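Novice: Mind looking at a prediction? Sequence and model below.
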Amino acid sequence: MNLARPTRTLIRHADGILTGLTGSAARAQGDIAIEDGKITSIGRIDARDRDVVIDATGCVIYPGLISTHHHLSQSVLKGVPAGLNAELAEWLLQVPYGFWRKIDEHSFRIAVEIGMIELLLSGVTTIADHHYIFDPSLAYDPAEILFATAARLGPRFVLCRGGATRNTRSDSTGIMQIPAESCDEMLSSAAALVARYHDPTPAAMRRIALAPTNLIWSVGPDDIRVLAAGARSLGIRLHSHLSEAPGDVLQCLQAHGMRPVEYVGQHGFLGEDVWLAHLIHVDQRELEILADTGTAMAHCPQSNCRLGAGIAPAPRMAALGGRISLGVDGAGSNESCDMVSEMHTAWQIHRAICGPQAVTVEDVVSWATAGGATALGIPNTGTIAPGMQADLAIFELSHLRYAGLHDRVAGPLMCGGSPQVRHLLVGGRQIIRDGSILGTNDADLAKIAAHVVKNLSTPMVSPSPP
């Protein structure tokens, strides 16, 4: 009879740990032991003969980062000239809405792979992607490609199934914004996705959420209520964009006589199973409603700065007991998929406005980890503690950027720049080793992407009239 102990993974010699927790529990020291995908102990741990040892000398350890709002399809739409200096509404028309018909299966696959690899290389272990083009004219299944790529590369993946029930065009350009469908069609599609992919367990690798694209412009008030109830009957969470631009607030006031948070709340789209992207243009009463209902914010500071949209009052909402997470948002309005840069920006912009006490390194790391796990409803992730899933980002600090650093554990966030991920684990399984994603060969990916961009930049030829 073989009585040998099962193999254990032991991470040793790290310079320090940021746990994703707050207060005195935010920092830790020592080794981390992992068994069956979970953290079993932290501290001084004696090695066993059968241990798999990961050497973290010269590194610091964070929980795997969680991006709660993204648009992976935009990873081949970086720096589109027509959208570089445009405000949100014009940028939408010129970039995502202007290109979606040109993104074929090959372009989409390349975009998804670029985006996921970038996120992983910045320490992300869970990705929530808000994909909102599910048009019958597409010759491919976006959900299948997204989940297959995630399964191959290794992160936890949440598909936020977007869409619209209003079929609108820009009066100035005639560009179709989002293909419309009925509530029944959207919910039927979501139900099929849930049956195929959704895992409701606390440590899920695959999830579905329902995510009407914009609650002010893309769906009507009756539809909001129907979609919210339908999602809850399927046992899935709710997501959307809200209050990203002043026009959202003005339109809601003019059409419904109330501000957006109150409006969507009256139609059932607030609660602990809801997280909303941006929430820039919200007043104090709206912040109180969000905090009281447990509705989470997906704070996307880099995209918001890039588009000149404003800065979400994340620290004020957090002070009310509200739930804050971070999202990279799409590379079409960010030009990168880098969660460390997102944390660095979040740390700086609130301090620039409200002073150096506004937000701490520990606050921002908690938003990017524990806050994301709460927003997505995956509670066994997001923090480094015994019993939690071993989703871990091990950052290398040997680069010259970190030379002279006194508070080494805060280095990845404070110093910004290109993150140096030595190892990345999801559920104890190593998906990045010594800076390389296992099982991939992306040497030619940049060249392939250049061809995709060239093809996308070629004007579409309209059919000749009969």
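Specialist: Thanks, I have the structure now. None of these values were measured; they are calculated from a predicted model. Residues are numbered from 1 along each chain as shown.
Novice: Any regions of this structure where pLDDT drops low?
Specialist: Residue ranges of the chain with pLDDT under 70: 1-6, 168-177, 441, 443, 459-466.
Novice: Look up phi and psi at residue 9.
Specialist: Backbone geometry at residue 9, expressed as degrees, to the nearest 10, gives phi -100, psi 130.
Novice: Determine the three-state secondary structure at the residue lying closest to it once chain neighbours are set aside.
Specialist: Distances taken as C-beta to C-beta, 6 or more residues apart in numbering place residue 34 nearest to residue 9, at 4.1 Å, with adjacent residues excluded. For glycine as for every other residue, the C-beta is placed from the backbone atoms N, C-alpha and C. Following DSSP: H, G, I helix; E, B strand; the rest coil, the label given to residue 34 is strand.
Novice: Let me see the contact set for residue 34.
Specialist: 8-11, 40, 390, 425, 428 (C-beta atoms under 8 Å, 6 or more residues apart in numbering).
Novice: Distance of the residue nearest to the spatial centre of the chain relative to residue 456?
Specialist: Computing the C-alpha centroid of the chain and ranking residues by C-alpha atoms, centre = their mean puts residue 67 first, at 2.5 Å. Remark: distance between residue 67 and residue 456 (C-beta to C-beta, to the nearest Å) = 24 Å.
Novice: try residue 47
Specialist: Distance check for residue 47 against residue 456: by C-beta to C-beta, it reads 52 Å.
Novice: immediately after the strand or helix carrying the residue nearest to the centre of the chain, which helix or strand?
Specialist: Assigned by DSSP states H and E, residue 67 belongs to strand 65-70. Later in the chain than strand 65-70, the nearest helix or strand by DSSP H and E is helix 88-94.
Novice: That next one: how far from the chain's middle?
Specialist: 21 Å (C-alpha atoms, centre = their mean, to the nearest Å).
Novice: Flag every buried residue along it.
Specialist: Residues of helix 88-94 classed as buried: 88, 90-94 (neighbour count, 16 or more other C-beta atoms under 10 Å).
Novice: Now tabulate these in CSV and tack on distance to residue 344.
Specialist: Formatted as CSV, the buried residues of helix 88-94 follow (distance: C-beta to C-beta, whole Å):
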residue, distance to residue 344
88, 23
90, 28
91, 23
92, 26
93, 30
94, 28
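Novice: Out of these, which two sit at the greatest distance?
Specialist: Distance extremes for the buried residues of helix 88-94: the farthest pair is 88 and 94 at 10.9 Å, using C-beta to C-beta.
Novice: Touching stretch 250-264 from outside, list them.
Specialist: 215-217, 221, 224, 240, 242-243, 248-249, 266, 270, 279, 282-283, 285-286, 289-290.
Novice: From those residues, which land in helices?
Specialist: Of the contacts of stretch 250-264, the ones assigned to helices by DSSP state H are 221, 224, 248-249, 266, 285-286, 289-290.
Novice: Among these, which one sits closest to residue 360?
Specialist: Taking C-beta to C-beta as the measure, residue 360 lies nearest residue 290 of the ones in helices among the contacts of stretch 250-264, at 21.7 Å.
Novice: contacting residues around the nearest residue to that closest one once chain neighbours are set aside?
Specialist: Take residue 290 and drop its neighbours on the chain: the residue closest to it by C-beta to C-beta, 6+ apart is residue 322, 5.4 Å away. For residue 322, the contact set (C-beta under 8 Å, 6+ apart) comprises 287, 290-291, 295-297.
Novice: again, only this time at 10 Å
Specialist: By C-beta atoms under 10 Å, 6 or more residues apart in numbering, residue 322 lies in contact with 279, 287-297, 313-316, 371.
Novice: just residue 395 next, same as before
Specialist: Applying C-beta under 10 Å, 6+ apart, the residues contacting residue 395 are 14-15, 18, 56, 58-62, 122-123, 340, 402, 408-409, 411-413, 419-424.
Novice: mind listing which of those residues are in helices?
Specialist: Those of the contacts of residue 395 lying in helices (DSSP H): 340, 411-413.
Novice: Counting neighbours, which of those comes out on top?
Specialist: Of the ones in helices among the contacts of residue 395, residue 412 is surrounded by the most neighbours, 30 neighbours in total, counting by other C-beta atoms under 10 Å.
Novice: Distance-wise, check that residue relative to residue 233.
Specialist: From residue 412 to residue 233 the distance is 42 Å (C-beta to C-beta).
Novice: re earlier: for the contacts of residue 395, which ChimeraX command selects only the ones that are buried?
Specialist: The ChimeraX selection below is limited to those of these classed as buried (16+ other C-beta under 10 Å):
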select :14,15,18,56,59,60,61,62,122,123,340,402,408,409,411,412,413,419,420,421,422,423,424
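Novice: Keep only those of the contacts of residue 395 that are in strands.
Specialist: If you go by DSSP state E, these have 18, 59-62, 421-424 in strands.
Novice: Between these, which sits nearest residue 81?
Specialist: Proximity of the ones in strands among the contacts of residue 395 to residue 81 was ranked by C-beta to C-beta; the top entry is residue 421 with 31.7 Å.
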